[in-house]
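*Asks:* A predicted structure for the sequence below; I have some questions about it.
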Amino acid sequence: MFSPIVTQIAIISENRVLANTKLSNKSGIPWKIKNDLKRFKEITSRHPVIMGRNTYEAMGKPLPNRTNIIITHNPSYEAFGSVVATSIQEALDWARTTETEEVFIVGGGKIYTEALPFTDRLYLTIVEEECEGDIFFPEYKEFTNILSQEFHQEEGLKYQFINLSR
């Protein structure tokens, strides 16, 4: 039996900002790039997605066409239409029972950091700006192999899609 690849997928700034909780939008994500949202949906559809409780609650409902696994320290937490786990290890173990190809870590900052030792690939959208924020993506210097890289611009924002492995 093959173990699925563990991939983190995120949109970040050049200084690794994921979100700013002081922003008025529910998620705190400073950008809304349609091409990034489309890419996220295409890549993660039909695969398990693992996220923290705050990320899940910011979305308000499970992502469709994916097994949603929510990590929380509260073992009695209920997330309609989702699986609840109390650790990264438990979430990965659950995902591996049904998935043979790829499992996605989709946020937030603490979950990305805790999952980094288990991660094989990063699919990043890097917005070419530095911005203020209080939730950061972890350092990822060990991911030095560039699998693909594309440069884009949308509504005045320059960004790149970059896929990396260790």
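*Replies:* Looks like it arrived, so ask away.
*Asks:* all contacts plus neighbour counts: C-alpha atoms, from now on.
*Replies:* Fine.
*Asks:* So which residue is dead centre in this structure?
*Replies:* Nearest to the mean C-alpha position of the chain, counting by C-alpha atoms, centre = their mean, stands Val106 at 2.1 Å.
*Asks:* That one contacts His47, correct?
*Replies:* No. Val106 is not in contact with His47 according to C-alpha atoms under 8 Å; the separation is 11.6 Å.
*Asks:* The chain: strands as residue ranges?
*Replies:* If DSSP state E is used as the criterion, the strands of the chain fall at 5-13, 17-19, 49-52, 68-71, 83-85, 102-105, 121-127, 135-136, 145-154, 157-165.
*Asks:* name the helices or strands packed onto the longest one?
*Replies:* Packed against strand 145-154, as judged by 3 or more C-alpha pairs under 8 Å, 6 or more residues apart in numbering; DSSP states H and E, are the following elements: strand 157-165.
*Asks:* The strand it packs on - which strands sit beside it in the sheet, and in what orientation?
*Replies:* Paired strands of strand 157-165, with direction, are strand 121-127 (antiparallel), strand 145-154 (antiparallel) (DSSP bridges).
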